[in-house]
Structures are given as C-alpha cells and as structure tokens.
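Engineer: Turn this into a model:
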Amino acid sequence: MLYARKSKKIDVRSLEKEPQRVFISPFEILAVLVVVAFLLVLMFPKKDLEQYLKTAPEVNVDLTLAYLEALARTTPNVKERAYIEGLIVEKLVSLGKYEIAVKRIEALEKAGIGDWDLILLRYKLTKQLYFAGRATKDQVDNFLEKLLSLADDDVQKLKLVFSESIAMDVPKVAYKSSYKLYKLTKDIQYAKVALDYALYYRDKKVIEELSPFKVQLEKQALKDLLASFQAEKDKTKRKDLFVQIIRVYLANQDYENLEKFIDAHWAEFKGQKDVEMIVIRSLLMAGKPQKAGQIVKSIFQGEDR
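Structural biologist: Numbers count the residues shown, from 1 in each chain. Have a look, this model is predicted:
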C-alpha cells in the first residue's frame, strides 16, 4: 500500500528571521584588492603603471594603495622602494590618514633608510600637511634646507630641490640650489636665475661673477626671436613677434639694428594703425626722427591713394 509522503512544512516566518548574506565582507574586499594588486605588479611594467596610478584621478584609491604596497614589498632596491613609499605617503595624506603616514615613515627610519630618502619622505608629508592646514610654512622651508644640505653635488637631487623651492616659494634655497647647479652644469639658465637672486640679496661677489651671462642670455633670446619671426607664417603671430623684437632692441639700446629691422619688415604691417604708432614712437625714442618722418610721410601718401 502506497502512502503519500508528507511534505515538510516550511515556516515562512523563520525564513524572514533567518539572516541573509547580501554584502561582501571588508576582509574579502581587501583580499581581492591585494590579489589584483599583485597581479598588476606581475603583469605590467612597474614605472608605466605606477605613473598611471599616480596621475589617473578615476582610479580607485584603495586599489592604488594596494598596488603600491605590493610594489614596495617586491622591490629590493632601497632607493626605488623609498620612492614608492613616498607615493604611498602622499596617497595616505590625501585620504587624511596622517597618523598612518607618520608611522610608515618611522618604520622606514628604523629599517635604516638613507638620510636623503628619509628627509624627502618627511618633506612630502609636511608639504601635504601644510596644504591641509596642519603644518607651517617654516616647517616646509626647514625640510627643503635639509634636502639642499644633503644633495651635495648630485645634479638630479639639486634639480629636485630647485624645482620644489620655486614651487613652494623658498627664495634662499632657490638661490643656493640654482647657483650650485650653474657651477656643476655650466647651464647659463641657472646662472640667470642665480643672478636675479644675487641682485635681490645684494650679493656683490656673485653679481660680479654672473653679470656677463646676462648679456649672453639677452643676445640668445633676441636670436631666438628673430629665428621665430623668420619661420612664422601666421600673420597675427608675425605681428606679435615684430613688436616684441622692436621692444628688445629698444631695451638693449641697439638703435642701429632697430632701424635696420624696421626698414626690412615694417611695410608688411603698413595700414595697421597700432603697429605704425609703435614703429614711429620707437624710432623717435631711438633718436631717429628723420626715419620716423619718412615713415609718417609714407603712411599719408598711402592714405591719399
């Protein structure tokens, strides 16, 4: 005899009370991020992806940190690791995790990281804290001065100190670093910057040393302008360059070459009232009234036609 199997009753209320798992736990999210980060380290060139993660604003910050931390753990070179740690510190500070950033730097100090790399990390942290209103400008300046003293004759380090001092408006460090860079590289662009600061600080010894480069730089600038004028095809840009070159000749008090330049090119801009007035005034300022009169006469003759 067949009996119908009794079906087990399901208590609907018990189902409602039973906890249902919908969300992934924080631990599982972290695990996924770490795995993805290690895969990124293995799959992609370190420098390219590192730069991408540093600059791309749409990248998830947690993934960026996980990747950089994985990269730091797999980088045996101390200098490379210090640079990566710097990126981690910047990310932590941008998230407002200042205490974690400080502890990370302290851990690196105990691990025996070099003085330059350590101070550079502390500078990066202090700079970010300054922008967040949690550090003073003097603290930023002090770290830059320490970096300058640690840079010695390393050109790359000095370039970093110089660019940071310009960006953070630390003139004394900019002055010293630009002067050292000129001495090491013989680049007259650094000589010009150092000369400007020397004039500001009234450093007579450096002014006497670097003054000849001012003339050299001015000549090179004029040469570049003339080359640009000859090569330029756009009429508006040619007009701007024409006026700019006239002003340079006036500033240099090179009145003979001013007259020659105007003679050779001013007809191209004849009929443009603003340029005509600049030409006439420039010739009068240069003590060339006769030439200015000839141009005025030429302008009126053109209008009569």
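Engineer: Near the nearest residue to I88 once chain neighbours are set aside, how many other residues are there?
Structural biologist: Once its chain neighbours are removed from consideration, I88 has its nearest residue in L68; the separation is 5.0 Å (Cβ to Cβ, 6 or more residues apart in numbering). C-beta coordinates here come from the backbone N, C-alpha and C atoms, glycine included. The tally of other residues near L68 (other Cβ atoms under 10 Å) stands at 23.
Engineer: in the helix or strand where L68 lies, what counts as buried?
Structural biologist: L68 is part of helix 61-73 when elements are defined by DSSP states H and E. Within helix 61-73, the residues that qualify as buried by neighbour count (16 or more other Cβ atoms under 10 Å) are 63-72.
Engineer: Report all helices and strands that that helix contacts.
Structural biologist: If you count contacts as 3 or more Cβ pairs under 8 Å, 6 or more residues apart in numbering; DSSP states H and E, helix 61-73 packs onto helix 26-43, helix 46-55, helix 78-94.
Engineer: Determine the set of other helices and strands touching the last one.
Structural biologist: Taking 3+ Cβ pairs under 8 Å, 6+ apart as contact, the helices and strands that helix 78-94 lies on are helix 46-55, helix 61-73, helix 98-110, helix 115-131.
Engineer: Show the average pLDDT along the shortest one.
Structural biologist: Read it as helix 46-55. Here the mean pLDDT over helix 46-55 is 53, rounded to a whole number.
Engineer: and the next element down the chain from the helix or strand hosting E276?
Structural biologist: Applying DSSP H and E as the criterion places E276 in helix 273-285. For helix 273-285, the following helix or strand on the C-terminal side (DSSP H and E) is helix 289-304.
Engineer: Tell me what angle that following helix forms with helix 273-285.
Structural biologist: Angle between the axes of helix 289-304 and helix 273-285 is 160 degrees (criterion: axes from the mean of the first three to the mean of the last three Cα atoms, to 10 degrees).
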